[in-house]
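Student: Fold the following.
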Amino acid sequence: MQSFRTELENPVVEKDIIELEKKIRQFRAGQIPEEKFRSLRLARGIYGQRQAGVQMIRIKLPYGKMTLEQWKRISDVSDEYSTGNLHLTTRQDIQIHFVSLERTPELWSKLDLDDITIREACGNTVRNITASDKAGIDPEEPFDVTPYADATFRYFLRNPICQDMGRKFKMAFSSSDADTAWAFMHDIGVIPKVRQENGREVRGFKILVGGGLGAQPYLAHVGHEFLTEDQLIPYIEAVLRVFDRHGERASRHKARMKFLIQKIGFEEFQRLVAEERIAIKSKSFHIDADTWAAPELPAADAVLPAYTIKDPKKYEAWKQTNVFQQRQGDYYAAYVRVPLGNISSVISRQLIEALKPAVANDVRVTANQGLLLKYIQPAHLPYVFSALEAAGFAEPGFDSIADITACPGTDTCNLAISSSTGISTALELVIQEEFPELVYNKDIKIKISGCMNSCGQHGIASIGFHGSSLKSGGKVLPALQVLLGGGIVGNGVGRVADKVIKVPSKRGPDVLRSLLNDFATNGQKEEKFNDYYDRQGEKYFYDLLKPLTDLNSLIDEDFVDWGQGDQFATAIGVGECASVVIDLVATLLFEGEEKLQWSQTALNDKQYADSIYHSYSTFVQTAKALLLGEGVSCNTQTGIINDFDKHFVETGKWSLDGSFKTLVLQINQNEPSESFAKQYYQQASDFYQQAQSLRQQTATVIAQ
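Tutor: Take a look at the predicted model:
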């Protein structure tokens with residue numbers, strides 16, 4: 001592979017890209033173990049696909065925002081490096097698939113020309129920070145959370161405390177108590193609040209902590225009912241430091257923050273968070289939200305091209321279901337349904353050009369895989385519809401039961417068990433042909449995942465499905481786990497769906513028919529679906545759907561998954577939702593040295609808090625390497641620290657004045673000052689050098 005050089009104006013990004021290209025060459029030359037390289041590329045948004053030899057690139061769009069120029073840039077990059085398809089995700093990212101690993105540095109450099117990043121879009125990092133797509137224009141919002149979501153994104157991007165945690169970390173900002181960003185299912189969820197103090201309005205946030213979906217959903221705890229705005233980032237920083245130090249690392253299935261809280265209890269977790277306060281970089285962090293730049297608006301006197309609406313009836317339905325008046329009363333916003341989140345680069349460029357004179361230069365990717373267009377003048381709504389209609393994206397029913405959310409499933413994902421996209425298309429067809437009136441129903445949400453990990457958010461759906469399998473007559477057939485009753489309650493309270501029954505995948509449409517017909521027949525007037533579910537009870541729905549589980553009436557078609565031509569077979573690969581690293585002693589020592597170098601660089605740049613955390617990481621990585629050399633495996637950083645005392649200091653293998661724990665945890669006892677940063681760096685450097693000497697002595701003894 002030829003060496004690649006960038007010509008970027010941002011030296012930080014340029015350094016990132018050059019480093020990625022260097023690591024790829026080292027990996028190809030066999031100088032970096034495959035599993036270690038995996039963690040490195042994941043933290044740079046490069047994710048292995050089900051198909052061998054190609055990568056999925058996840059493009060990080062904080063709170064789903066992209067300008068029209070960024071949308072075009074992503075489209076052009078997809079044409080050049082991928083397949084010309086843009087996949088919008090439930091995390092408000094955009095993914096492109098089938099990219100050659102060697103071309104990823106160049107791809108990243110092209111994206112950065114319009115200030116787009118892939119950094120920390122995957123891996124054991126702070127993932128894309130999501131937010132209500134209405135933020136800034138929501139008639140119900142007490143204030144715009146966008147500046148706070150943006151500041152949080154920028155503060156933790158490349159931050160040393162969250163570069164290599166035990167697992168991924170997700171945050172969401174809701175715009176109001178309606179909680180449309182699902183704060184209750186995130187590691188950190190944020191809901192804006194205001195209160196009066198001494199005759200003035202004070203901004204703050206309700207903070208939810210430790211929620212998550214996955215195979216074991218967990219509703220978040222309330223961290224603070226009201227946390228003042230200047231304490232938002234300090235609190236998050238302290239939480240991340242606790243998660244990094246105490247979180248599980250050996251078993252990734254138990255490594256999310258929700259499991260740490262379950263293990264130690266929320267009261268103890270909060271105590272540890274408070275304990276970190278002395279060491280955090282910012283005791284208060286002011287975000288100047290009042291000077292937040294408004295989006296570039298279309299000209300008030302813009303002359304629109306001539307247009308024709310082909311289907312006036314659809315236009316009226318679209319206005320009723322996809323359009324709402326902004327809190328800026330002179331403008332409207334319009335949602336765009338994007339089936340399965342897939343839109344081509346060709347159509348994207350067509351829409352960008354057509355919409356430019358009529359919408360703000362601020363398009364949001366929505367959490368249900370659609371788009372939001374903002375600041376549309378009332379008189380321009382027909383034109384916007386006509387542009388969408390010409391592109392084939394003018395379907396009404398955004399966020400209705402007809403607008404199904406689904407992850408890519410077996411199309412590209414290693415972990416998927418059965419198809420999520422194929423069944424989604426089949427269910428949408430059932431609604432379109434048999435229940436067309438439900439295009440106006442925004443109460444019932446259908447969400448589908450290809451496996452139990454809930455990337456399609458089936459765990460919080462009114463009607464959810466996740467991919468599975470069944471056996472019959474010695475053969476395996478694709479199946480769907482049916483879940484019912486999930487959703488948003490409001491103000492940080494949510495409902496996790498119940499697992500009700502498992503059916504063959506090809507009977508998914510019959511499940512939907514049975515549920516909707518039963519609801520129509522037996523539901524009370526104005527009754528919501530989840531209220532109906534609660535009133536009837538899980539057993540009622542199990543009995544309702546039980547006939548669909550009969551395997552005695554299977555036909556050949558039942559053994560073929562949706563959208564496939566061959567007989568079904570489970571083919572689950574190695575998941576990359578977080579890095580799974582083989583802990584080689586030499587590799588860990590190399591990492592310790594690398595962290596030490598980063599500490600020195602930060603010290604030289606007067607970034608004392610960053611230097612201190614890199615020094616801390618040097619202690620931990622180096623101690624872990626030595627413990628593994630002794631056959632001691634550790635699963636948390638606190639475990640490493642305690643075990644080093646037990647196996648090295650207390651046995652006399654390591655000479656130390658005091659305990660290793662006391663030495664390392666100075667990080668919690670000191671302000672991040674210049675003097676402490678220098679002292680701590682020197683202690684970490686001495687520890688690393690002593691470890692190298694001990695390892696060399698051990699190697700010499702073994703050789704003799």
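Student: how does this protein divide up, domain by domain?
Tutor: As given by automatic domain parsing, the domain ranges for the chain are 11-112, 130-291, 312-391, 405-559, 585-703.
Student: Kindly present those as JSON lines, with separate columns for mean pLDDT and distance to Ala302.
Tutor: Where you see a C-beta, it was placed from the backbone N, CA and C, and this is true even at glycine. Shown next, in JSON lines, are the domains of the chain (pLDDT from 0 to 100; distance: least, C-beta to C-beta, whole Å):
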{"stretch": "domain 11-112", "mean pLDDT": "92", "distance to Ala302": "14"}
{"stretch": "domain 130-291", "mean pLDDT": "96", "distance to Ala302": "19"}
{"stretch": "domain 312-391", "mean pLDDT": "97", "distance to Ala302": "4"}
{"stretch": "domain 405-559", "mean pLDDT": "93", "distance to Ala302": "31"}
{"stretch": "domain 585-703", "mean pLDDT": "91", "distance to Ala302": "46"}
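Student: Which of those sits closest to Asn124?
Tutor: domain 130-291 (4.7 Å; C-beta to C-beta).
Student: now that closest one: how far from the chain's centre is it?
Tutor: 14 Å (C-alpha atoms, centre = their mean, to the nearest Å).
Student: What's the end-to-end length of that domain?
Tutor: 21 Å (C-alpha to C-alpha, to the nearest Å).
Student: cool, stretch 377-395 as well?
Tutor: Stretch 377-395 end-to-end distance (C-alpha to C-alpha) = 20 Å.
Student: If you count neighbours, what's buried in the biggest helix by length in the chain?
Tutor: Secondary structure of the chain read by DSSP state H shows that its longest helix is helix 674-703. By 16 or more other C-beta atoms under 10 Å, the buried positions in helix 674-703 come out as Phe676, Ala677, Tyr680, Tyr681, Gln683, Ala684, Ser685, Phe687, Tyr688, Ala691, Arg695.
Student: contacting residues around the first one?
Tutor: This points to Phe676. Going by C-beta atoms under 8 Å, 6 or more residues apart in numbering, Phe676 touches Tyr608, Ile612, Gln666, Asn670.
Student: Compute the number of surrounding residues for the second one.
Tutor: Applying the criterion other C-beta atoms under 10 Å, we find 29 residues in the vicinity of Ile612.
Student: Report the inter-axis angle for the strand or helix carrying it versus helix 674-703.
Tutor: Element membership for Ile612 (DSSP states H and E) is helix 608-629. Here the directions of helix 608-629 and helix 674-703 differ by 20 degrees (axes from the mean of the first three to the mean of the last three C-alpha atoms, to 10 degrees).
Student: what's helix 608-629 packed up against?
Tutor: helix 585-604, helix 637-644, helix 660-664, helix 674-703 (3 or more C-beta pairs under 8 Å, 6 or more residues apart in numbering; DSSP states H and E).
Student: With respect to Ser386, which of those lies nearest?
Tutor: Proximity to Ser386 (C-beta to C-beta) singles out helix 585-604 among those, at 53.8 Å.
Student: Which positions in that closest one come out as buried?
Tutor: Using 16+ other C-beta under 10 Å as the test for burial, helix 585-604 gives 587-589, 591-593, 595-596, 598-600, 602-603.
Student: Please apply the same query to stretch 190-210.
Tutor: Here stretch 190-210 shows Val190, Ile191, Pro192, Lys193, Arg203, Gly204, Phe205, Lys206, Ile207, Leu208, Val209, Gly210 as buried, counting by 16+ other C-beta under 10 Å.
Student: just checking, the fifth one is part of a strand?
Tutor: Read that as Arg203. Yes - under DSSP: H, G, I helix; E, B strand; the rest coil, Arg203 falls within a strand.
Student: Now do the contacts for it.
Tutor: Pro142, Phe143, Pro192, Lys193, Val194, Thr228, Glu229, Ala289.
Student: Would you reformat the residues you listed as TSV and include secondary structure and distance to Gln377?
Tutor: As requested, the contacts of Arg203 are arranged in TSV below (DSSP: H, G, I helix; E, B strand; the rest coil; distance: C-beta to C-beta, whole Å):
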residue	secondary structure	distance to Gln377
Pro142	coil	26
Phe143	coil	25
Pro192	strand	28
Lys193	strand	32
Val194	strand	30
Thr228	strand	37
Glu229	helix	33
Ala289	helix	26
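Student: Of all the domains of the chain, which one comes closest to Asp301?
Tutor: Taking the domains of the chain one by one with C-beta to C-beta, domain 312-391 is closest: 10.2 Å.
Student: Can you give me the first-to-last residue distance of that closest one?
Tutor: When the termini of domain 312-391 are compared using C-alpha to C-alpha, they are 16 Å apart.
Student: In CSV: the contacts of Arg203, plus distance to Glu268.
Tutor: Below are the contacts of Arg203 laid out as CSV (distance: C-beta to C-beta, whole Å):
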residue, distance to Glu268
Pro142, 32
Phe143, 33
Pro192, 28
Lys193, 26
Val194, 31
Thr228, 24
Glu229, 27
Ala289, 34
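Student: how much space is there between the nearest residue to Asp76 once chain neighbours are set aside and Thr67?
Tutor: Distances taken as C-beta to C-beta, 6 or more residues apart in numbering put Ser345 closest to Asp76, at 7.1 Å, once the chain neighbours are dropped. Going from Ser345 to Thr67 by C-beta to C-beta, to the nearest Å gives 16 Å.
Student: which one of these two has more residues nearby?
Tutor: Using other C-beta under 10 Å as the criterion, Ser345 and Thr67 rank with Ser345 on top: 22 against 18.
Student: Contacts only, for the more buried one.
Tutor: Listed by C-beta under 8 Å, 6+ apart, the contact partners of Ser345 are Ile74, Ser75, Asp76, Ser78, Asp79, Gly84, Asn85, Leu86.
Student: Same list (these) but as a markdown table, adding distance to Leu551, secondary structure and neighbour count.
Tutor: Converted to a markdown table, the contacts of Ser345 look like this (distance: C-beta to C-beta, whole Å; DSSP: H, G, I helix; E, B strand; the rest coil; neighbours: other C-beta atoms under 10 Å):
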| residue | distance to Leu551 | secondary structure | neighbour count |
| --- | --- | --- | --- |
| Ile74 | 45 | helix | 23 |
| Ser75 | 46 | helix | 25 |
| Asp76 | 50 | helix | 17 |
| Ser78 | 43 | helix | 26 |
| Asp79 | 46 | helix | 16 |
| Gly84 | 42 | coil | 15 |
| Asn85 | 37 | strand | 20 |
| Leu86 | 40 | strand | 25 |
